[in-house]
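# Provided below for reference: sequence and predicted model.
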Amino acid sequence: MPDWLEIVIRSTSLLIIVFLVSKAFGKRQLAQLSLFEFIAGIVVAVIAANISIGLGTPITHGLVGLSIWFIIPMLLGLLAIKSKPIRNLLEGKGAVLIKDGKIMEDNLKKERFSSDDLLEKLRAKNVFQAADVEFAVLEPDGGLSVLPKKENQPLTPKDMGMKVAPIKEPQSVVMDGEVLHEPLSTAGLSLNWLETELDKLGVSIENVYLAQVDSYGQLNVDLFDDKLQVPSPQEKPLLLATLKKCQADMEVFALSTQNKDAKKMYTTNSQKLQNAITKVEQYLQN
(Lines give C-alpha, C1' and ligand atoms only; values in the text may rest on other atoms or scores of the structure.)
Protein backbone atom coordinates (compact mmCIF):
# COMPACT_ATOMS: atom_id res chain seq x y z
CA MET A 1 0.00 0.00 0.00
CA PRO A 2 1.44 3.43 -0.90
CA ASP A 3 2.44 5.58 2.08
CA TRP A 4 0.12 8.41 1.06
CA LEU A 5 -2.87 6.06 0.93
CA GLU A 6 -2.07 4.66 4.38
CA ILE A 7 -1.87 8.23 5.74
CA VAL A 8 -5.26 9.01 4.20
CA ILE A 9 -6.83 5.92 5.76
CA ARG A 10 -5.23 6.52 9.15
CA SER A 11 -6.15 10.21 9.19
CA THR A 12 -9.76 9.59 8.16
CA SER A 13 -10.21 6.85 10.75
CA LEU A 14 -8.64 8.91 13.52
CA LEU A 15 -10.68 11.95 12.57
CA ILE A 16 -13.84 9.93 13.18
CA ILE A 17 -12.45 8.49 16.43
CA VAL A 18 -11.40 11.89 17.81
CA PHE A 19 -14.77 13.35 16.84
CA LEU A 20 -16.58 10.61 18.78
CA VAL A 21 -14.21 11.07 21.72
CA SER A 22 -14.86 14.82 21.82
CA LYS A 23 -18.62 14.19 21.72
CA ALA A 24 -18.29 11.76 24.63
CA PHE A 25 -16.67 14.48 26.77
CA GLY A 26 -20.00 16.36 26.72
CA LYS A 27 -21.03 19.85 25.68
CA ARG A 28 -18.95 21.89 28.07
CA GLN A 29 -17.07 24.75 26.47
CA LEU A 30 -13.29 24.89 26.43
CA ALA A 31 -13.22 27.45 29.26
CA GLN A 32 -15.36 25.11 31.40
CA LEU A 33 -13.02 22.12 31.13
CA SER A 34 -10.94 21.22 34.15
CA LEU A 35 -7.16 21.39 33.84
CA PHE A 36 -6.98 17.59 33.74
CA GLU A 37 -9.59 17.38 30.97
CA PHE A 38 -7.80 20.10 29.02
CA ILE A 39 -4.46 18.26 29.24
CA ALA A 40 -6.11 14.95 28.33
CA GLY A 41 -7.65 16.56 25.27
CA ILE A 42 -4.27 17.91 24.14
CA VAL A 43 -2.60 14.52 24.64
CA VAL A 44 -5.36 12.75 22.69
CA ALA A 45 -4.88 15.21 19.82
CA VAL A 46 -1.07 14.71 19.86
CA ILE A 47 -1.38 10.91 19.92
CA ALA A 48 -3.89 11.02 17.08
CA ALA A 49 -1.56 13.23 15.02
CA ASN A 50 1.39 10.89 15.62
CA ILE A 51 -0.65 7.83 14.65
CA SER A 52 -1.90 9.62 11.56
CA ILE A 53 1.53 10.28 10.01
CA GLY A 54 3.82 8.03 12.05
CA LEU A 55 4.00 5.16 9.61
CA GLY A 56 6.85 3.54 11.59
CA THR A 57 4.58 3.16 14.65
CA PRO A 58 2.11 0.25 14.64
CA ILE A 59 -1.40 1.67 14.65
CA THR A 60 -2.43 -0.77 17.40
CA HIS A 61 0.13 0.76 19.78
CA GLY A 62 -1.21 4.21 19.10
CA LEU A 63 -4.80 3.09 19.61
CA VAL A 64 -3.88 1.53 22.98
CA GLY A 65 -2.38 4.83 24.14
CA LEU A 66 -5.33 6.76 22.75
CA SER A 67 -7.77 4.45 24.57
CA ILE A 68 -6.00 4.94 27.90
CA TRP A 69 -6.05 8.73 27.60
CA PHE A 70 -9.73 8.55 26.69
CA ILE A 71 -11.08 5.89 29.07
CA ILE A 72 -9.38 7.07 32.29
CA PRO A 73 -10.52 10.73 31.99
CA MET A 74 -14.02 9.51 31.10
CA LEU A 75 -14.17 7.24 34.19
CA LEU A 76 -12.82 10.00 36.43
CA GLY A 77 -15.39 12.39 34.97
CA LEU A 78 -18.22 9.96 35.78
CA LEU A 79 -16.87 9.48 39.31
CA ALA A 80 -16.62 13.25 39.74
CA ILE A 81 -20.35 13.58 39.00
CA LYS A 82 -21.14 11.29 41.95
CA SER A 83 -18.32 12.24 44.34
CA LYS A 84 -17.62 15.77 45.52
CA PRO A 85 -14.09 14.96 46.85
CA ILE A 86 -13.09 13.62 43.43
CA ARG A 87 -14.75 16.61 41.78
CA ASN A 88 -12.79 18.96 44.01
CA LEU A 89 -9.59 17.07 43.22
CA LEU A 90 -10.09 17.21 39.44
CA GLU A 91 -11.77 20.57 39.01
CA GLY A 92 -10.70 22.46 42.11
CA LYS A 93 -12.87 24.59 44.41
CA GLY A 94 -14.04 28.15 44.21
CA ALA A 95 -12.04 30.77 46.10
CA VAL A 96 -13.74 33.68 47.86
CA LEU A 97 -12.01 36.92 46.83
CA ILE A 98 -14.47 39.42 48.35
CA LYS A 99 -16.57 38.69 51.43
CA ASP A 100 -18.90 41.10 53.23
CA GLY A 101 -17.47 43.88 51.06
CA LYS A 102 -13.88 43.12 52.19
CA ILE A 103 -11.17 41.95 49.76
CA MET A 104 -9.58 38.68 50.93
CA GLU A 105 -5.90 39.39 50.25
CA ASP A 106 -4.70 35.97 51.44
CA ASN A 107 -6.99 34.21 48.97
CA LEU A 108 -5.77 36.49 46.21
CA LYS A 109 -2.19 35.41 46.92
CA LYS A 110 -3.15 31.72 46.98
CA GLU A 111 -4.79 32.06 43.56
CA ARG A 112 -1.88 34.20 42.30
CA PHE A 113 -4.25 37.06 41.60
CA SER A 114 -3.09 40.64 41.67
CA SER A 115 -5.34 43.59 42.48
CA ASP A 116 -5.25 44.48 38.77
CA ASP A 117 -6.46 40.98 37.90
CA LEU A 118 -9.32 41.33 40.37
CA LEU A 119 -10.35 44.75 39.03
CA GLU A 120 -10.20 43.44 35.46
CA LYS A 121 -12.54 40.57 36.36
CA LEU A 122 -14.89 42.99 38.11
CA ARG A 123 -14.95 45.33 35.10
CA ALA A 124 -15.94 42.35 32.95
CA LYS A 125 -19.03 42.14 35.21
CA ASN A 126 -19.73 45.89 34.79
CA VAL A 127 -18.50 46.61 38.30
CA PHE A 128 -15.91 49.40 38.42
CA GLN A 129 -15.50 49.77 42.19
CA ALA A 130 -14.60 46.94 44.54
CA ALA A 131 -16.51 48.80 47.25
CA ASP A 132 -19.76 48.09 45.38
CA VAL A 133 -19.33 44.30 45.80
CA GLU A 134 -20.78 42.31 48.67
CA PHE A 135 -19.44 38.90 47.66
CA ALA A 136 -17.21 37.59 44.84
CA VAL A 137 -15.93 34.08 44.24
CA LEU A 138 -13.39 32.83 41.71
CA GLU A 139 -14.91 29.75 40.10
CA PRO A 140 -12.85 26.65 39.21
CA ASP A 141 -13.08 27.54 35.50
CA GLY A 142 -11.47 30.94 36.15
CA GLY A 143 -14.67 32.98 35.95
CA LEU A 144 -15.63 35.47 38.66
CA SER A 145 -19.13 35.38 40.15
CA VAL A 146 -20.12 38.71 41.68
CA LEU A 147 -22.93 39.69 44.05
CA PRO A 148 -23.24 43.49 44.22
CA LYS A 149 -24.35 45.15 47.41
CA LYS A 150 -28.11 45.46 47.73
CA GLU A 151 -28.15 49.18 46.98
CA ASN A 152 -26.13 48.58 43.80
CA GLN A 153 -28.30 45.79 42.40
CA PRO A 154 -30.64 46.57 39.49
CA LEU A 155 -34.20 47.44 40.44
CA THR A 156 -36.61 44.64 39.53
CA PRO A 157 -40.42 44.57 39.20
CA LYS A 158 -40.47 42.39 42.33
CA ASP A 159 -38.69 45.12 44.31
CA MET A 160 -41.43 47.54 43.22
CA GLY A 161 -44.23 45.13 44.02
CA MET A 162 -45.23 44.88 40.36
CA LYS A 163 -46.58 41.81 38.63
CA VAL A 164 -45.32 41.11 35.14
CA ALA A 165 -46.57 38.75 32.49
CA PRO A 166 -44.88 35.34 32.29
CA ILE A 167 -42.71 34.91 29.21
CA LYS A 168 -42.32 31.68 27.27
CA GLU A 169 -39.57 30.91 24.82
CA PRO A 170 -40.21 32.29 21.32
CA GLN A 171 -40.82 29.77 18.56
CA SER A 172 -38.90 30.19 15.29
CA VAL A 173 -41.49 29.39 12.62
CA VAL A 174 -39.57 30.54 9.52
CA MET A 175 -35.83 30.28 8.99
CA ASP A 176 -33.92 31.01 5.77
CA GLY A 177 -37.18 31.25 3.84
CA GLU A 178 -38.38 27.81 4.96
CA VAL A 179 -41.35 27.11 7.23
CA LEU A 180 -40.52 25.13 10.39
CA HIS A 181 -43.67 23.12 10.98
CA GLU A 182 -42.76 21.62 14.38
CA PRO A 183 -42.26 24.97 16.20
CA LEU A 184 -45.37 26.29 14.46
CA SER A 185 -47.35 23.37 15.83
CA THR A 186 -45.76 23.80 19.29
CA ALA A 187 -47.04 27.38 19.34
CA GLY A 188 -50.54 26.06 18.55
CA LEU A 189 -50.64 27.79 15.16
CA SER A 190 -51.21 26.69 11.59
CA LEU A 191 -49.63 27.39 8.22
CA ASN A 192 -52.75 29.33 7.20
CA TRP A 193 -52.31 31.63 10.20
CA LEU A 194 -48.68 32.23 9.28
CA GLU A 195 -49.52 33.03 5.66
CA THR A 196 -52.31 35.38 6.78
CA GLU A 197 -49.99 37.26 9.14
CA LEU A 198 -47.32 37.59 6.46
CA ASP A 199 -49.96 38.83 3.98
CA LYS A 200 -50.82 41.60 6.47
CA LEU A 201 -47.17 42.65 6.36
CA GLY A 202 -47.04 42.39 2.59
CA VAL A 203 -44.21 39.82 2.48
CA SER A 204 -43.93 36.24 1.28
CA ILE A 205 -42.35 33.32 3.13
CA GLU A 206 -39.46 33.16 0.63
CA ASN A 207 -38.40 36.71 1.59
CA VAL A 208 -38.30 35.98 5.34
CA TYR A 209 -34.90 35.31 6.88
CA LEU A 210 -36.28 34.70 10.38
CA ALA A 211 -39.77 34.80 11.86
CA GLN A 212 -40.53 34.14 15.52
CA VAL A 213 -43.76 33.93 17.48
CA ASP A 214 -43.60 35.31 21.02
CA SER A 215 -45.54 34.11 24.06
CA TYR A 216 -48.42 36.47 23.15
CA GLY A 217 -48.81 35.00 19.66
CA GLN A 218 -47.27 38.03 17.95
CA LEU A 219 -45.19 37.45 14.81
CA ASN A 220 -41.80 39.19 14.61
CA VAL A 221 -40.20 39.12 11.17
CA ASP A 222 -36.73 39.84 9.80
CA LEU A 223 -36.30 39.93 6.01
CA PHE A 224 -33.38 39.06 3.77
CA ASP A 225 -33.47 42.61 2.41
CA ASP A 226 -32.25 44.81 5.28
CA LYS A 227 -33.46 47.94 3.49
CA LEU A 228 -37.10 46.93 3.88
CA GLN A 229 -38.77 47.91 7.13
CA VAL A 230 -41.35 45.60 8.70
CA PRO A 231 -43.78 47.17 11.19
CA SER A 232 -43.58 45.83 14.74
CA PRO A 233 -46.54 43.77 16.04
CA GLN A 234 -49.50 45.89 17.15
CA GLU A 235 -51.91 43.27 18.48
CA LYS A 236 -51.45 44.13 22.17
CA PRO A 237 -51.64 47.95 21.79
CA LEU A 238 -54.70 47.58 19.55
CA LEU A 239 -56.42 45.31 22.06
CA LEU A 240 -55.70 47.76 24.88
CA ALA A 241 -56.98 50.67 22.80
CA THR A 242 -60.16 48.72 21.96
CA LEU A 243 -60.82 47.94 25.63
CA LYS A 244 -60.35 51.58 26.62
CA LYS A 245 -62.68 52.71 23.83
CA CYS A 246 -65.37 50.27 24.97
CA GLN A 247 -65.07 51.51 28.53
CA ALA A 248 -65.28 55.12 27.42
CA ASP A 249 -68.33 54.35 25.22
CA MET A 250 -70.12 52.81 28.20
CA GLU A 251 -69.50 55.96 30.24
CA VAL A 252 -70.90 58.08 27.40
CA PHE A 253 -73.98 55.84 27.14
CA ALA A 254 -74.52 56.07 30.91
CA LEU A 255 -74.45 59.88 30.73
CA SER A 256 -76.63 60.17 27.66
CA THR A 257 -79.47 57.81 28.59
CA GLN A 258 -82.45 58.85 30.73
CA ASN A 259 -83.44 55.28 31.57
CA LYS A 260 -82.37 54.56 35.13
CA ASP A 261 -81.96 50.81 34.58
CA ALA A 262 -79.88 51.38 31.46
CA LYS A 263 -77.78 54.05 33.21
CA LYS A 264 -77.09 51.67 36.09
CA MET A 265 -76.21 48.83 33.71
CA TYR A 266 -73.77 50.99 31.69
CA THR A 267 -72.17 52.43 34.83
CA THR A 268 -71.71 49.01 36.45
CA ASN A 269 -70.23 47.41 33.35
CA SER A 270 -68.01 50.44 32.74
CA GLN A 271 -66.52 50.02 36.21
CA LYS A 272 -66.02 46.28 35.69
CA LEU A 273 -64.29 46.90 32.38
CA GLN A 274 -62.10 49.58 33.97
CA ASN A 275 -61.05 47.11 36.68
CA ALA A 276 -60.20 44.55 34.00
CA ILE A 277 -58.17 47.14 32.06
CA THR A 278 -56.23 48.03 35.21
CA LYS A 279 -55.28 44.37 35.70
CA VAL A 280 -54.18 43.66 32.12
CA GLU A 281 -52.79 47.06 31.06
CA GLN A 282 -49.23 46.24 32.13
CA TYR A 283 -49.35 43.06 30.03
CA LEU A 284 -50.64 44.78 26.90
CA GLN A 285 -48.15 47.64 26.85
CA ASN A 286 -45.05 47.27 24.66
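Great, that's in hand.
# any low-confidence regions in the stretch 51-200 of the chain?
Applying pLDDT under 70 to the stretch 51-200 of the chain flags the ranges 165.
# which residues of it fall in helices?
Using DSSP state H, counting those that start in this stretch, the helices of the stretch 51-200 of the chain run over residues 59-82, 84-91, 105-110, 115-124, 181-186, 191-201.
# could I get those helices as TSV with mean neighbour count and distance to residue 44?
Quick note: C-beta positions are derived from backbone N, CA and C, even for glycine. Converted to TSV, those look like this (neighbours: other C-beta atoms under 10 Å; distance: least, C-beta to C-beta, whole Å):
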stretch	mean neighbour count	distance to residue 44
helix 59-82	15	5
helix 84-91	15	17
helix 105-110	12	31
helix 115-124	14	31
helix 181-186	14	37
helix 191-201	14	47
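# closest to residue 175 out of those?
helix 181-186 (9.1 Å; C-beta to C-beta).
# other residues contacting the closest one?
171-173, 190-191, 194, 213 (C-beta atoms under 8 Å, 6 or more residues apart in numbering).
# let's have the helices of the stretch 51-200 of the chain in JSON lines, adding distance to residue 37.
Output for the helices of the stretch 51-200 of the chain, formatted as JSON lines (distance: least, C-beta to C-beta, whole Å):
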{"stretch": "helix 59-82", "distance to residue 37": "6"}
{"stretch": "helix 84-91", "distance to residue 37": "8"}
{"stretch": "helix 105-110", "distance to residue 37": "23"}
{"stretch": "helix 115-124", "distance to residue 37": "23"}
{"stretch": "helix 181-186", "distance to residue 37": "35"}
{"stretch": "helix 191-201", "distance to residue 37": "45"}
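# which members of the contacts of helix 181-186 are the farthest-apart pair?
So, the contacts of helix 181-186 by C-beta to C-beta: farthest apart are 172 and 190, at 16.2 Å.
# just to revisit the earlier point, quick one: which of the helices of the stretch 51-200 of the chain is nearest residue 263?
Using C-beta to C-beta, the helices of the stretch 51-200 of the chain put helix 191-201 closest to residue 263, at 40.0 Å.
# the closest one - contacts with which helices or strands?
Using 3 or more C-beta pairs under 8 Å, 6 or more residues apart in numbering; DSSP states H and E as the contact test, the elements touching helix 191-201 are helix 181-186, strand 208-213, strand 219-223.
# for the residue nearest in space to the middle of the chain, which non-adjacent residue is spatially closest?
For the chain, the residue nearest the mean C-alpha position is residue 169 (10.1 Å; C-alpha atoms, centre = their mean). Nearest residue to residue 169 in three dimensions, chain neighbours excluded: residue 215, at 7.8 Å (C-beta to C-beta, 6 or more residues apart in numbering).
# cool, and residue 250?
residue 270 (3.8 Å).
# which neighbouring elements make contact with the helix or strand containing that neighbour?
Assigned by DSSP states H and E, residue 270 belongs to helix 260-284. Helix 260-284 sits against helix 235-256, with contacts defined as 3+ C-beta pairs under 8 Å, 6+ apart.
# now the angle from the helix it packs on to helix 260-284?
With axes from the mean of the first three to the mean of the last three C-alpha atoms, to 10 degrees applied, the angle from helix 235-256 to helix 260-284 works out at 160 degrees.
# and helix 235-256, which residues are buried?
236, 240, 243, 247, 250, 253-254 (16 or more other C-beta atoms under 10 Å).
# what is the burial count for the residue nearest to residue 169?
As a burial measure, residue 215 scores 13 neighbours (other C-beta atoms under 10 Å).
# next, it: phi, psi?
phi -70, psi -10 (degrees, to the nearest 10).
# domain ranges for this structure?
3-89, 95-152, 171-233, 236-284 (automatic domain parsing).
# possible to save the ones you listed as CSV with distance to residue 158?
Formatted as CSV, these follow (distance: least, C-beta to C-beta, whole Å):
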stretch, distance to residue 158
domain 3-89, 30
domain 95-152, 13
domain 171-233, 19
domain 236-284, 14
